[in-house]
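*Asks:* Sequence first, predicted coordinates after that:
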Amino acid sequence: MKDIGVKTVLFVLAGIVIAMPFGALAQTNPIGTIDPLGAGVGEGDAALAGSIIDANALITTITTLINWFAWFIALASVVMGLYAGFLFITARGEPAQLKTARGTLVWAVIGIAVAVISFSIIILTKTIFDLL
């Protein structure tokens, strides 16, 4: 079985770490509209300018990030399952290729299980903190 390699794992992890802030940066401005002439926060939003994020907003943000991560894992696992099926079809009875296909299928099933558990954790967290 061919090893993935440290460089490949580090490359994938770096890509995930780099992509994580995009969800937070795509959010709307919670403070309000900012005057382009430099006056700052809009008139009615002066009280929100120095407010600290509340616990529900933080939990909602974290569960949203976990939800995105779970969807990514689920999609990647399904693609790996399809790839494992392709490996089974093209193995033609060769033991080494069948072993590789079985290993890929096992990891795909583990990935799907992790995604299902992640979705369960999200639902439980939203239920416990009344965020639904």
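*Replies:* Looks like it arrived, so ask away. Given the structure is predicted, the values throughout are model-derived calculations rather than measurements.

*Asks:* which of the residues in the helix ranked longest in the chain are buried?
*Replies:* What stands out as the longest helix in the chain, according to DSSP state H, is helix 55-91. Within helix 55-91, the residues scored as buried using 16 or more other C-beta atoms under 10 Å are 60, 63, 67, 69-70, 73-74, 77, 80-81, 84, 87-88, 91. C-betas here are computed from N, CA, C, even on glycine.

*Asks:* which residues of the protein score low on pLDDT?
*Replies:* 1-3, 17, 19-53, 131-132 (pLDDT under 70).

*Asks:* re the thing from before, so which bits of the following helix or strand past the longest helix of the chain are buried?
*Replies:* With elements assigned by DSSP states H and E, the helix or strand that comes after helix 55-91 is helix 95-128. Using 16+ other C-beta under 10 Å as the test for burial, helix 95-128 gives Thr100, Ala101, Thr104, Leu105, Ala108, Gly111, Ile112, Ala115, Ser118, Phe119, Ile122.

*Asks:* ok, Asp130 to Ala55 distance?
*Replies:* Noted for Asp130: a distance of 11 Å to Ala55, by C-beta to C-beta, to the nearest Å.
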